[in-house]
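**Q** I'd like to go over a predicted model; first the sequence, then the structure.
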Amino acid sequence: MNQRTPIDEFWDLYLQSLPPAQSQNKRYFEAFCFGNKERLANLCADLVVRRIKTATSALLWEHEATGKPVVQVGDLSIVTSWNGAPVCIIETLDVRMVPFDEVDEGFVYDYGEGDRSMEWWRTDMWEYYSEECRSLRRAPTSNMCVVCERFRVIFPETVSTPRSRTGRSS
């Protein structure tokens, strides 16, 4: 007998919220937490649930190194807290490959973290991606390709607090 996980149960709740014809053959791309540290993962999950964070990014090099496919428009993903508790489901609205130094102000604002400024992006995200590059044994460059994703929360439909406050890149 297969034991159901909290992720499976959360996904089932989402499917049950849909009209029967819409729930047919729906699958999620992945269940993930943002970032690479507990504090960051939980902060980002909270920002997403509150509809402040509506964009995220990852190094293309990370996808290449792991063989993980790049998210596509229309994909659904389950956002979790650091400890794996599901907090919401997002739908990918836009995906673009952009050099780090060409990320625009609108994307940085939608990122929802820090003070949402270009200065924040150029310092904090540079530091974050420099650490990611070290783990990939790559040297960070200003033109390293960043997968920029915009998304919207589709479940739950109302703003709530994540179940747990306990890393996809931030």
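**A** Received, thanks.
**Q** so residue 44 makes contact with residue 54?
**A** No: in terms of C-beta atoms under 8 Å, residue 44 does not count as a neighbour of residue 54; the distance is 11.4 Å. (Glycine included, C-beta is placed from N, CA and C.)
**Q** higher neighbour count, these two?
**A** The neighbour comparison of residue 44 against residue 54 (other C-beta atoms under 10 Å) goes to residue 44, with 26 against 19.
**Q** I'd like to know how far that one sits from residue 87.
**A** 10 Å (C-beta to C-beta, to the nearest Å).
**Q** put the alpha carbons of the lengthiest strand in the chain into CSV.
**A** The longest strand of the chain (DSSP state E) is strand 86-99. Output in CSV follows, covering the C-alpha atoms of strand 86-99 (Å, rounded to 0.1, in the frame of the first residue of the first chain):
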residue,chain,number,x,y,z
PRO,A,86,3.2,22.5,0.9
VAL,A,87,2.2,26.2,1.0
CYS,A,88,0.7,27.0,-2.4
ILE,A,89,0.6,26.1,-6.1
ILE,A,90,2.0,28.4,-8.7
GLU,A,91,1.5,28.6,-12.5
THR,A,92,4.4,29.7,-14.7
LEU,A,93,3.4,32.7,-16.8
ASP,A,94,6.6,33.6,-18.5
VAL,A,95,10.2,32.2,-18.9
ARG,A,96,13.1,34.0,-20.3
MET,A,97,16.8,33.4,-20.5
VAL,A,98,18.6,36.6,-19.7
PRO,A,99,22.3,37.5,-18.9
